[in-house]
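Peer 1: fold the following and give me the result.
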Amino acid sequence: APLVDEHDAKHATGPLPVLIETARRGSVAVRRALARNVNCPSQVLAILSKDEDWEVRESCARDPRTPPECLEILMKEAEKDVCTAMALVYNHNLPSAHLDKLLKRFPDCNDLRKGVAGNSNTSASTRRKLADDPHLTVRWFVASCPHAPLDVLQHIAEKDPVTENRRVALESIKNAANSG
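Peer 2: Sure thing, here's the model as predicted:
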């Protein structure tokens, strides 16, 4: 029998057949809670990523344990829907080519650009472009990302008009020097 309580679904760790049954037949509220469960198995996320409820799919889009083939399906949805795109950019298993595609599809969305700037899979060339973004918080996310190339951090540290962004870039340069 599927779980019926949202709290139980949000904190459930098994057994797998019960979680699968819940993903297929639980109420919308319970499926939403299950999709937000940090211990939700990838097999269950695969089912939930195709759910009719957008909030369930959005939680799957953000979850790094969602199987790659499900991310591909969600990516098709994201090409038409900025909300799905926003959820996907926070998934650190989304390939850099998809991040670039979402940037091209929604170039005027500051929040999406911030998400791409902070994603560990963002390519160095994309980070270089975002280092000159007109929105100051996008540049801050580039400066604070531990994956930013040194030349990008140096560019922000030297040229960014915002003192806080320069400070964060200098701190990231210092941290990179101390860790490597």
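Peer 1: any idea how far Asp8 is from the nearest residue to Ala176 once chain neighbours are set aside?
Peer 2: Using CB to CB, 6 or more residues apart in numbering and skipping residues adjacent in sequence, the residue nearest Ala176 is Leu150, 6.5 Å away. Yep, even glycine has a C-beta here, placed from its N, CA and C like the rest. Here the criterion is CB to CB, to the nearest Å. By it, Leu150 lies 48 Å from Asp8.
Peer 1: hmm, Ile173 and the residue nearest to Ala176 touching each other?
Peer 2: Yes - the criterion here is CB atoms under 8 Å, and Leu150 meets it with Ile173 at 6.8 Å.
Peer 1: these two: who's more crowded?
Peer 2: Between Leu150 and Ile173, Ile173 has the larger neighbour count (other CB atoms under 10 Å), namely 17 against 12.
Peer 1: report how many residues lie close to Leu71.
Peer 2: 21.
Peer 1: how about the helix or strand containing Ala176: buried residues?
Peer 2: Assigned by DSSP states H and E, Ala176 belongs to helix 163-179. Residues of helix 163-179 classed as buried: 165-166, 168-170, 172-173 (neighbour count, 16 or more other CB atoms under 10 Å).
Peer 1: for the residues you listed, work out which two are farthest apart.
Peer 2: Asn165 and Ile173 (12.7 Å; CB to CB).
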